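>>> The following block contains a protein sequence and its predicted model.
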Amino acid sequence: MRGPATATVAHLPDFDEVIDVRSEDEFTEDHVPGAISCPVLDNTERARVGTIYKQRSAFEAKKIGAALVSANIARHLNERFLDRPREWRPLVYCWRGGNRSDAFAHVLHQVGWRVGRLDGGYRAYRRAVIADLERLPRRFRLRVLCGLTGSGKSRLLRAIQDAGGQVLDLEVLAAHRGSVLGELPDAPQPTQKMFESLVWAALRGFDRKRPVYVEAESRRIGMLRVPEALIEAMWAADCILLEAPDAARVELLKREYAHFLEQTGALARRLELLLPLHGHAIIGKWKELAAARRWDKLIVELLVRHYDPAYIRSTGKHYTALPRALKLALGSADAAAFAALARRCQDTENTS
């Protein structure tokens, strides 16, 4: 019986499950989207073996490492994979397609599963992601949703997705709403590499014959950079301009930022980040409005003084097709209104 098959990144869809056998820290930094973490050496064990290798000898490190790897593989097999059927096809990878993935794949192969091992490991995967992010964005017909803060662009994206449209929701992938107040509670942003992997996976799943809807963004979403080729493709794409009355914008923003309405201290700390732009007097006034829970007044102030001018400058500068945008008017903030606008977008897919 031949050993584990060698696979490339292009073969990822051919496998039922992808197993990352690197350490937890390596997995957290970045991994193939959807992969499960089964480290053959955890963070502490990997550091221990490395120290023995440097301070004592390669032979001693290999002996101890082999014992740890064997025990961990047995544990993962017992806890995670005993229920897998004979037809199951797993793909295993480590950092560079070396000893860690070899060991795990060998055991799975001996059981009788048709296991694959990623040639070149994570390093080969990362090179493929970088190369694909340079070329994939230009292969799709993007439709960019523009509109002032609070006009409901994210809600419209979700409505388009619910109606069967193709949506690239960068703010969901980045775990951030893209503004100084955009940090999500209890949801840290992924690393830059992980964000790029998530964007890569989304792009690979789209049908090139159909448009892809994406919200207008700047180069950064929180601490993360939008891949250069993608942001350039967005800037050159057809636009849809969503317009909403101030009352609807205020209502939508209160819903989306409800956590700040409950945590006024956190809101005050975030507002302080705007001190260089607006000074102590204005920031002090905004803090007072927050403390008094005068949310409608505070939101209108933020929109008029900060968000609207910044958005108009940035969008007008970068999104060259904005003057020719399809204009949509949001009548209310309810789900039915967004569903109707989603249908309107899809009805015009072939006319933009």
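Sure thing, it's come through. Residues are numbered from 1 along each chain as shown.

>>> so where's this structure uncertain?
Where the chain drops to pLDDT under 70, the residues are 1, 351-352.

>>> Kindly export stretch 227-246 (C-alpha atoms) in PDB.
What follows is stretch 227-246, C-alpha atoms only, in PDB (Å, rounded to 0.1, in the frame of the first residue of the first chain):
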ATOM      1  CA  PRO A 227      -5.200  43.600   0.200                       C
ATOM      2  CA  GLU A 228      -3.900  46.100  -2.200                       C
ATOM      3  CA  ALA A 229      -5.200  44.500  -5.400                       C
ATOM      4  CA  LEU A 230      -8.700  44.200  -3.800                       C
ATOM      5  CA  ILE A 231      -8.900  47.800  -2.700                       C
ATOM      6  CA  GLU A 232      -7.800  49.000  -6.100                       C
ATOM      7  CA  ALA A 233     -10.400  46.800  -7.800                       C
ATOM      8  CA  MET A 234     -13.100  48.300  -5.400                       C
ATOM      9  CA  TRP A 235     -12.000  51.800  -6.200                       C
ATOM     10  CA  ALA A 236     -12.500  51.200 -10.000                       C
ATOM     11  CA  ALA A 237     -15.800  49.200  -9.600                       C
ATOM     12  CA  ASP A 238     -19.400  50.200 -10.300                       C
ATOM     13  CA  CYS A 239     -21.000  51.900  -7.300                       C
ATOM     14  CA  ILE A 240     -24.400  51.800  -5.600                       C
ATOM     15  CA  LEU A 241     -25.200  54.800  -3.500                       C
ATOM     16  CA  LEU A 242     -27.500  54.100  -0.500                       C
ATOM     17  CA  GLU A 243     -29.200  57.200   0.800                       C
ATOM     18  CA  ALA A 244     -31.200  57.400   4.100                       C
ATOM     19  CA  PRO A 245     -32.800  60.200   6.100                       C
ATOM     20  CA  ASP A 246     -31.100  61.300   9.300                       C
END
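
>>> how about it: buried residues?
Buried residues in stretch 227-246, counted by 16 or more other C-beta atoms under 10 Å: 227, 230-231, 233-235, 237-242, 244. Bear in mind the C-beta positions are built from the backbone N, C-alpha and C, glycine included.

>>> Which of these fall within strands?
Secondary structure from DSSP state E places 238, 239, 240, 241, 242 of the buried residues of stretch 227-246 in strands.

>>> any chance of those residues in a markdown table, plus distance to residue 306?
Listed next are these as a markdown table, based on distance: C-beta to C-beta, whole Å:
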| residue | distance to residue 306 |
| --- | --- |
| 238 | 28 |
| 239 | 23 |
| 240 | 24 |
| 241 | 21 |
| 242 | 20 |
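
>>> Farthest-apart pair in these, please.
238 and 242 (13.9 Å; C-beta to C-beta).

>>> where along the stretch 251-352 of the chain do the helices fall?
258-262, 264-271, 275-291, 295-302, 308-318, 335-347 (DSSP state H, counting those that start in this stretch).

>>> what's the angle from the longest one to helix 264-271?
To tie it back to what came earlier, the one meant is helix 275-291. 160 degrees (axes from the mean of the first three to the mean of the last three C-alpha atoms, to 10 degrees).

>>> Which residues belonging to helix 275-291 are considered buried?
278, 282, 283, 286, 287, 289, 290.

>>> With the second one instead?
When burial is assessed from 16+ other C-beta under 10 Å, helix 264-271 yields the following buried residues: 267, 268, 271.

>>> List the contacts of it.
180, 181, 183, 259, 260, 283, 286, 287, 290, 291, 293 (C-beta atoms under 8 Å, 6 or more residues apart in numbering).

>>> what about 6 Å?
181, 260, 283, 286, 287, 290 (C-beta atoms under 6 Å, 6 or more residues apart in numbering).
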